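[1] sequence? don't have it. structure:
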């Protein structure tokens, strides 16, 4: 198990460095951010002076090495547009993104897993048709298009939900979500719901044909006991991995949804910073979200290895 954990740690570190390298050098191709920070009447000497002050006149590899070294120490630099520490802005926006992603994942789990279990347990039935239909719809409808349709129907025409912004309810010092999160969470979580339906259904159908399930039936065990003790328990093992991956996807893939609903999260902040060529903030968000996603995947892999000894490499 120690060798398995060590290999996953090394892979996660390499992946994180690779993501940072790609994001950093892709940002260099978008243009000079100093051009957006000065007036059109600024002289070339003033532009060069500001470039030198911000460190953009140094070699690109030196800038990248400094960024990685400072990031390890928790220093992500100053936002060029907001004139605030980048990490301070990230921590301000992170609760909104975590709230949205958590509720979206909860919606996907509550609908996707039970529907997949029912479809896999009753192939060819109405439940199976619903499961396959939900999986197909969830994975084919673009979430940004769905978001616009939801706003048109439930916010503009019916007036049931707000069309933009984040509202919270204060209870004992805690900011609890209100109905303002329902539409963006549904639009964001629909794809994950479709994946969970199809994955759970496929897992149940596959496990039902395993030898140990047929052995359990041959011993005279009741259908309910076989289903709960053998089928559900084994189907839950791969779900550990996919849930970790999907939560990371929801955290990092909410740019369109947060922008459409004006949700004050990291996705909205990232879209603004890219448009403003705010290099420091884009790099900080990329590092932070990559770290969160890699950590979630690492945790899921370790939990998967503990639950299923067959995938522990080297043992």
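    Nice, I can see it. Please read these numbers as outputs of a predicted model, since none were measured by experiment.
[2] phi, psi for residue 168 please.
    In terms of degrees, to the nearest 10, the main-chain angles of residue 168 are phi -130, psi 160.
[3] what about residue 273, distance to residue 165?
    Applying CB to CB, to the nearest Å, the value for residue 273 to residue 165 is 20 Å. For every residue, glycine as well, the C-beta is placed using N, CA and C.
[4] comparing the two, which residue is more hemmed in?
    Neighbour totals were compared for residue 273 and residue 165, and residue 273 leads with 25 against 10 (other CB atoms under 10 Å).
[5] secondary structure element holding that one?
    helix 266-275 (DSSP states H and E).
[6] pLDDT weak spots in the stretch 151-300 of the chain?
    170-176, 253 (pLDDT under 70).
[7] tell me which element residue 234 falls in.
    Using DSSP H and E, residue 234 sits in helix 233-252.
[8] packing partners of that helix?
    On a contact count with 3 or more CB pairs under 8 Å, 6 or more residues apart in numbering; DSSP states H and E, helix 233-252 meets helix 86-121, helix 182-208, helix 279-307.
[9] got the angle for it vs helix 279-307?
    Interaxial angle of helix 233-252 relative to helix 279-307 (axes from the mean of the first three to the mean of the last three CA atoms, to 10 degrees): 180 degrees.
[10] now helix 233-252: how far from the chain's centre is it?
    Distance of helix 233-252 from its chain centroid, counting by CA atoms, centre = their mean, to the nearest Å, is 11 Å.
[11] now do the buried residues in the helix or strand just after it.
    Heading C-terminal from helix 233-252, the first helix or strand you meet, by DSSP H and E, is helix 255-260. Neighbour-count burial for helix 255-260, counted by 16 or more other CB atoms under 10 Å, picks out 255, 256, 257, 258, 259, 260.
[12] among the helices and strands packed on helix 233-252, which is the most enclosed?
    Stretch with highest mean neighbour count among the helices and strands packed on helix 233-252: helix 182-208 (a mean of 23; mean count of other CB atoms under 10 Å).
[13] which strands or helices does that helix pack on?
    Contacts defined by 3+ CB pairs under 8 Å, 6+ apart place helix 182-208 against helix 86-121, helix 126-140, helix 143-150, helix 233-252, helix 255-260.
[14] possible to save those helices as CSV with distance to residue 57?
    Output for the helices and strands packed on helix 182-208, formatted as CSV (distance: least, CB to CB, whole Å):
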stretch, distance to residue 57
helix 86-121, 21
helix 126-140, 47
helix 143-150, 39
helix 233-252, 32
helix 255-260, 31
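[15] and those: which comes nearest residue 292?
    Closest to residue 292 of the helices and strands packed on helix 182-208 is helix 233-252 (CB to CB; 6.0 Å).
[16] where are the low-confidence patches of the stretch 1-150 of the chain?
    1, 4, 27-33, 35-39.
[17] still on that earlier bit, please name every helix or strand in contact with the helix holding residue 273.
    helix 86-121, helix 255-260, helix 279-307.
[18] give me the distance from that helix to the chain's centre.
    The chain centroid and the centroid of helix 266-275 are separated by 15 Å under CA atoms, centre = their mean.
[19] stretch 287-304 now?
    From the chain centre to the centre of stretch 287-304 is a distance of 11 Å (CA atoms, centre = their mean).
[20] which other residues reach it?
    Residues outside stretch 287-304 that contact it (CB atoms under 8 Å, 6 or more residues apart in numbering) are 4-5, 8-9, 12, 15-16, 19-20, 71, 76, 87, 90, 237-238, 240-241, 243-245, 247-249, 251-252, 266, 311.
[21] what does stretch 249-266 give?
    By CB under 8 Å, 6+ apart, the list of residues contacting stretch 249-266 reads 90, 93-94, 96-98, 100-101, 104-105, 143-144, 147-148, 151, 163-166, 183-184, 187-189, 192, 267-268, 270-271, 285, 288-290, 292-293, 296.
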